[in-house]
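K.L.:
Dropping the sequence and predicted coords here.
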Amino acid sequence: MPAPDTLPRPPEHAAASRRLAGIGYVLLAVALFAFASLLVRLGGGSGPDASLHPAQFASGRFFFAWVAIALVTLRFPISFQGVPWLLHLKRSLCGWLGIAFLFAAAMRMPLAEANALAYLSAIFTMMLSIPLLGERVGARRWTAAALGLVGGLLIARPGSSAFDPAALLALVSAVAIGTETIFIKKLSDSEPPLRILFLNNTFGTLVSLAVLPFFWSTPEVGQWFILAGIGVTLAVTQFFNILAMQRGDVSFVAPFWYAVPLFAALYDYLAFGTVIGGWSAAGIGLIIAGGVIIAVRENRPRDN
């Protein structure tokens, strides 16, 4: 008689194992994404002492990620027949703006607050999906959006002495990333994932080369390694996210991305001793709650 641990596992056990693996992969992706914003702070300083411009970090993110993905395409060649070039370009422009403004905010305010405000992008995606994708948005998702917006106000607190103008940079990032997500949804209907990744980073690199002369400051040796680290970190982030989605539905994986501000808060505390205030903590909680509601409802056929 075989030992108990060698008996065939029931299908439900295998499914549970896949979901557990999916959670592990997405948490790795989330931790790496938040770590990239920490690298920005470490590599460029913060506030008026920043030695590198956020545009340089955005350039490093796209160029070094492009190098990593280009090496993958040597093993798995991609075809360029029937490419919707304009749609790819629009997506990449929005993505470049989103990451550049996120990095700018991360250099000027607590990492948890910057990442939380940037994650209002899910709300802007929802709003833009109405006119651009013809989607219907029900009461629950509008409630989730209201929670997120109230959370954003608690973090930024406009009109008060605690208002940080850097919060506006994070909000611009949220709008840009929210718009980018609309283009990603359109591309995902017909484009293979590797071609999307390759062209996104190709266009992002070209945009970087166009704007860098206006913001260039020669990096020190250590900053070159950090720029490369940001690009590779975010490329690996995408890889782990793909692995996670292969092991669980998007609606199951997506809510875990709202843990990014929590990881960012941990990194900020360990590296700089930064502790977020009560109002900001409440605002981050509301943004996470609203984002999770939107993500959970995203793939349900009757959203209300």
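P.N.:
In hand now; what should we look at? Bear in mind that the values here come from a model prediction, so they are computed numbers and not experimental data.
K.L.:
Could I get the full set of helices for the stretch 1-150 of the chain?
P.N.:
If DSSP state H, counting those that start in this stretch is used as the criterion, the helices of the stretch 1-150 of the chain fall at 11-44, 54-75, 85-106, 111-118, 121-133, 139-156.
K.L.:
which of those helices sits most buried?
P.N.:
Highest mean neighbour count of these: helix 111-118, a mean of 30 (counted as mean count of other Cβ atoms under 10 Å). C-beta: built from backbone N, CA, C; applies to glycine.
K.L.:
re earlier: let's have the helices of the stretch 1-150 of the chain in CSV, adding mean pLDDT and distance to residue 213.
P.N.:
Shown next, in CSV, are the helices of the stretch 1-150 of the chain (pLDDT from 0 to 100; distance: least, Cβ to Cβ, whole Å):
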stretch, mean pLDDT, distance to residue 213
helix 11-44, 80, 18
helix 54-75, 90, 10
helix 85-106, 92, 15
helix 111-118, 85, 27
helix 121-133, 77, 29
helix 139-156, 78, 33
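K.L.:
Tell me which of the ones you listed sits nearest to residue 193.
P.N.:
Between residue 193 and the helices of the stretch 1-150 of the chain, the tightest spacing by Cβ to Cβ is seen for helix 54-75, at 10.8 Å.
K.L.:
Which neighbouring elements make contact with the closest one?
P.N.:
When contacts are defined as 3 or more Cβ pairs under 8 Å, 6 or more residues apart in numbering; DSSP states H and E, helix 54-75 sits against helix 11-44, helix 85-106, helix 193-215, helix 221-246.
K.L.:
Please identify the buried residues of the third one?
P.N.:
By 16 or more other Cβ atoms under 10 Å, the buried positions in helix 193-215 come out as 195-205, 207-208, 211-212.
K.L.:
want to throw the helices and strands packed on helix 54-75 into JSON lines with distance to residue 51?
P.N.:
Output for the helices and strands packed on helix 54-75, formatted as JSON lines (distance: least, Cβ to Cβ, whole Å):
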{"stretch": "helix 11-44", "distance to residue 51": "6"}
{"stretch": "helix 85-106", "distance to residue 51": "14"}
{"stretch": "helix 193-215", "distance to residue 51": "12"}
{"stretch": "helix 221-246", "distance to residue 51": "7"}
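K.L.:
closest to residue 260 out of these?
P.N.:
With Cβ to Cβ, the closest approach to residue 260 among those belongs to helix 11-44: 5.0 Å.
K.L.:
Could you list every helix and strand in contact with that closest one?
P.N.:
If you count contacts as 3+ Cβ pairs under 8 Å, 6+ apart, helix 11-44 packs onto helix 54-75, helix 85-106, helix 111-118, helix 221-246, helix 250-253, helix 260-272.
K.L.:
Adding distance to residue 152, write those helices out as TSV.
P.N.:
Output for these, formatted as TSV (distance: least, Cβ to Cβ, whole Å):
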stretch	distance to residue 152
helix 54-75	20
helix 85-106	12
helix 111-118	6
helix 221-246	24
helix 250-253	24
helix 260-272	12
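K.L.:
For residue 156, list the residues it contacts.
P.N.:
Listed by Cβ atoms under 8 Å, 6 or more residues apart in numbering, the contact partners of residue 156 are 117, 163, 164, 167, 168, 171.
K.L.:
now those as TSV including secondary structure and distance to residue 127?
P.N.:
Output for the contacts of residue 156, formatted as TSV (DSSP: H, G, I helix; E, B strand; the rest coil; distance: Cβ to Cβ, whole Å):
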residue	secondary structure	distance to residue 127
117	helix	16
163	coil	24
164	coil	24
167	helix	19
168	helix	18
171	helix	13
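K.L.:
still on that earlier bit, relative to residue 274, which of the helices and strands packed on helix 54-75 is closest?
P.N.:
helix 11-44 (9.8 Å).
K.L.:
so the closest one versus helix 54-75, what angle?
P.N.:
140 degrees (axes from the mean of the first three to the mean of the last three Cα atoms, to 10 degrees).
K.L.:
so how far is helix 11-44 off the chain centroid?
P.N.:
12 Å (Cα atoms, centre = their mean, to the nearest Å).
K.L.:
Equivalent analysis for stretch 138-149, please.
P.N.:
Stretch 138-149 has its C-alpha centroid displaced from the chain centroid by 20 Å (Cα atoms, centre = their mean).
K.L.:
Please apply the same query to stretch 277-291.
P.N.:
Its chain's C-alpha centre and that of stretch 277-291 lie 18 Å apart, by Cα atoms, centre = their mean.
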